[in-house]
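Q: got a predicted model here, sequence first, then my questions.
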Amino acid sequence: MSAVDDAPLGLVLHPDATRSVQIPAEPAARDARVIGYLHDPAEAEIVELTDDSSVAVLTARGELHPLNGSREQLDEFVAAFAEYIGSGPRPTPPTVLSAAEAAEKLAQFRAGMIKPRPAPVPERSHRDRVRRLRRRLVTVEKPALKPGSWWHTQLEQARDDLI
């Protein structure tokens, strides 16, 4: 298992900055410290801008996408999503069958010998989990959730039960 597998939303954060970078920007370049990465460090790094302590994603193409107003707010957002993901139903591992085993199971199913299991009911409904997530995020930093922002997209995906 890699660090990304254990990281909510693929955000891997380091306890301390790993190195400094300079971001070309108009009208002047900005200095930042690398504090993590998104899925792959070669594609997108998480940086803390030194001039205002805000946090953003810096892509390999040099594009800067704001995340949060501070590292503390980023940590709170990541923790909120980790709680949301952890409170949902556990993924069912895949069942690997040979062709003969699959044919036998299918024949048993068609003969009525195997009944489908009912879906497990989570302790909290999906709607309640999303409401709780949204409330927590709004409490931490409402402006980070504005339409078009990275966090807004993540919240939409949570609402649509994609994460």
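A: Perfect, thanks for sending it. Numbering: from 1, shown residues only.

Q: select the longest strand from this protein.
A: strand 30-38 (DSSP state E).

Q: which residues are in contact with that strand?
A: 10-14, 16-23, 43-51, 55-58, 71 (CB atoms under 8 Å, 6 or more residues apart in numbering). For glycine as for every other residue, the C-beta is placed from the backbone atoms N, C-alpha and C.

Q: what bridges to residue 44?
A: Bridge pairing for residue 44 (DSSP bridges) gives the partners residue 59.

Q: for it, give me its contacts.
A: Neighbours of residue 44 in contact, by CB under 8 Å, 6+ apart: 37-38, 57-60.

Q: ok so residue 47 is a helix residue?
A: No. Secondary structure of residue 47 (DSSP: H, G, I helix; E, B strand; the rest coil): strand, not part of a helix.

Q: okay, now it: neighbour count?
A: 26 (other CB atoms under 10 Å).

Q: try residue 130
A: For residue 130, using other CB under 10 Å, the count is 17.

Q: distance check, it against residue 107.
A: Using CB to CB, to the nearest Å, residue 130 is found at 41 Å from residue 107.

Q: can you give me the strands in the chain?
A: Under DSSP E, the chain gives strands at 11-13, 19-23, 30-38, 44-49, 55-59, 64-68.

Q: tabulate those strands in JSON lines, adding columns for mean pLDDT and distance to residue 95.
A: Formatted as JSON lines, the strands of the chain follow (pLDDT from 0 to 100; distance: least, CB to CB, whole Å):
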{"stretch": "strand 11-13", "mean pLDDT": "91", "distance to residue 95": "31"}
{"stretch": "strand 19-23", "mean pLDDT": "83", "distance to residue 95": "45"}
{"stretch": "strand 30-38", "mean pLDDT": "92", "distance to residue 95": "32"}
{"stretch": "strand 44-49", "mean pLDDT": "94", "distance to residue 95": "35"}
{"stretch": "strand 55-59", "mean pLDDT": "93", "distance to residue 95": "37"}
{"stretch": "strand 64-68", "mean pLDDT": "92", "distance to residue 95": "38"}
